[in-house]
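Colleague: pasting a predicted model and its sequence here:
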Amino acid sequence: MIKIYHNPRCRKSREGLAILEESGKEFEIIKYLENIPTEKELTTVITMLGISPMQLVRKTEKIWKEDYKGKVLTDSEIIKAMLKNPKLIERPIVINGNKARIGRPSESILEII
């Protein structure tokens, strides 16, 4: 089943959700700010995306700028920072089977659904 890691307050996340709704396919919404992924789940998503943990961080978030910017962090420390502060996780993330995409731009979701 298709999954979307979704933040209803984010315009891009809502756009990604709309694409899934228009597709007519079944999907599961994971409100990751409420249901924070485990370290294993987040690591798996990063692997599926084929990116480094730093590439999944929202570097414009206040918490990043105040607590992490300019520090040398390991991948593990970056993942832990995202789990402690899930607002730092880029959104939306759509997973379909063993494929995943960050919905920026939203149309990139179409590549895997």
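Modeller: Ah, there it is.
Colleague: which neighbouring elements make contact with the longest helix along the chain?
Modeller: Criterion DSSP state H: the longest helix present in the chain is helix 11-23. Where contact means 3 or more CB pairs under 8 Å, 6 or more residues apart in numbering; DSSP states H and E, helix 11-23 is packed against strand 2-6. For the C-beta atoms, the positions are set from N, CA and C on the backbone; glycine is no exception.
Colleague: how about residue 101, phi and psi?
Modeller: Phi and psi for residue 101, reported as degrees, to the nearest 10, are phi -140, psi 150.
Colleague: how near is it to residue 86?
Modeller: 19 Å (CB to CB, to the nearest Å).
Colleague: measure stretch 72-92 end to end?
Modeller: Taking CA to CA, to the nearest Å, stretch 72-92 runs 26 Å from one end to the other.
Colleague: what's the distance between it and the middle of its chain?
Modeller: Relative to the centre of its chain, stretch 72-92 is centred 10 Å away, using CA atoms, centre = their mean, to the nearest Å.
Colleague: for it, buried residues please.
Modeller: Within stretch 72-92, the residues that count as buried by 16 or more other CB atoms under 10 Å are 78-79, 81-83, 85-92.
Colleague: pick out whichever of these sits closest to residue 16.
Modeller: Proximity of the buried residues of stretch 72-92 to residue 16 (CB to CB) peaks at residue 92, which lies at 3.8 Å.
Colleague: which strand or helix spans residue 45?
Modeller: Secondary structure from DSSP states H and E places residue 45 in helix 39-49.
Colleague: I'd like the average pLDDT over that helix.
Modeller: Averaged over helix 39-49, pLDDT sits at 98.
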